[in-house]
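In: predicted structure and sequence below. I'll ask about it afterward.
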Amino acid sequence: DGGITQSPKYLFRKEGQNVTLSCEQNLNHDAMYWYRQDPGQGLRLIYYSQIVNDFQKGDIAEGYSVSREKKESFPLTVTSAQKNPTAFYLCASSRGQMGAEAFFGQGTRLTVV
Amino acid sequence: AQSVTQLDSQVPVFEEAPVELRCNYSSSVSVYLFWYVQYPNQGLQLLLKYLSGSTLVESINGFEAEFNKSQTSFHLRKPSVHISDTAEYFCAVSATGTASKLTFGTGTRLQVTL
């Protein structure tokens, strides 16, 4: 089945540690996205990539980093510089064309203690 | 830049009653419009979208939305809701002429009860 796989589903980390969230897609999509979801705030764009080896900052990129070395993979690293990292993180992909819908993974819930 | 406003954070409704979830947007350019649904602890699924053509778009499970350019709105409606429609609904926009980077509203929680 084609789709987007995020792992792990739940992740716990101590404050001050970097953590990497995995996102893999087998839809052959060019574009991939990372969103952060907090209660009452909707989804906010962290980073996006429209092509391999290229990515752009979204609205809330501070404290996060990404890489896009392969078309299928778009990992997100939450660094110790992110002041409030506890959240639900959603990865998405699309064909990247105008009006193309985004397909979402099941999300990773990160809790920093 | 685009922005999306969903004024109702929660909408309680009885089963088999009609419902409308409101969505207004702001943009200096033409936009594409989307409604997504999210069930607890899951990702988002596309419900319906407006790209061009007929301003009334329908989903396979009975929802419909109407694009109103003059009022910059894209309200979601269903004439008779079911318990299984309980979920969070997000309105989103992307600007035409750009790759599909979505801007989301804050979401509306639809709670259907017996």
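Out: Perfect, thanks for sending it.

In: can you get me a residue count around whichever residue of chain B sits closest to chain A?
Out: In chain B, the residue that lies nearest chain A is residue B:43 (3.5 Å; C-beta to the nearest C-beta). Just so you know, the C-beta spots here come from the backbone N, C-alpha and C atoms, and that holds for glycine as well. Per other C-beta atoms under 10 Å in any protein chain shown, the neighbour tally for residue B:43 reads 22.

In: find the nearest non-adjacent residue to it, please.
Out: Sequence neighbours aside, residue A:104 is the residue nearest to residue B:43 in space, at 3.5 Å (criterion: C-beta to C-beta, 6 or more residues apart in numbering or on different chains).

In: pLDDT-wise, which helix or strand of chain B ranks last?
Out: The element with the least model confidence among the helices and strands of chain B, by mean pLDDT, DSSP states H and E, is strand B:56-58, at a mean of 89.

In: mind listing what's buried in that strand?
Out: Along strand B:56-58, the positions that meet the burial threshold by neighbour count (16 or more other C-beta atoms under 10 Å in any protein chain shown) are residue B:57.

In: near chain A at all, that strand?
Out: No - shown here: strand B:56-58 not in contact with chain A (C-beta under 8 Å from any C-beta of the partner chain), separated by at least 12.5 Å.

In: give the other helices and strands that that strand contacts.
Out: Contact partners of strand B:56-58 among helices and strands, from 3 or more C-beta pairs under 8 Å, 6 or more residues apart in numbering or on different chains; DSSP states H and E: strand B:44-50, strand B:64-68.

In: how about TSV for these, with distance to residue A:19 added?
Out: As requested, these are exported to TSV (distance: least, C-beta to C-beta, whole Å):
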stretch	distance to residue A:19
strand B:44-50	23
strand B:64-68	38
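
In: neighbours around the residue nearest to residue B:43, how many?
Out: Counted with other C-beta under 10 Å, the burial measure for residue A:104 works out to 23 neighbours.

In: residue B:30 versus residue B:75, what's the distance?
Out: Residue B:75 sits 19 Å away from residue B:30 when distances are taken as C-beta to C-beta, to the nearest Å.

In: who has more neighbours out of those two?
Out: When neighbours are counted by other C-beta under 10 Å, residue B:75 and residue B:30 differ, and residue B:75 comes out ahead with 17 against 10.

In: shouldn't that one be in contact with residue B:11?
Out: No - with contacts defined as C-beta atoms under 8 Å, residue B:75 does not count as touching residue B:11, sitting 11.8 Å away.
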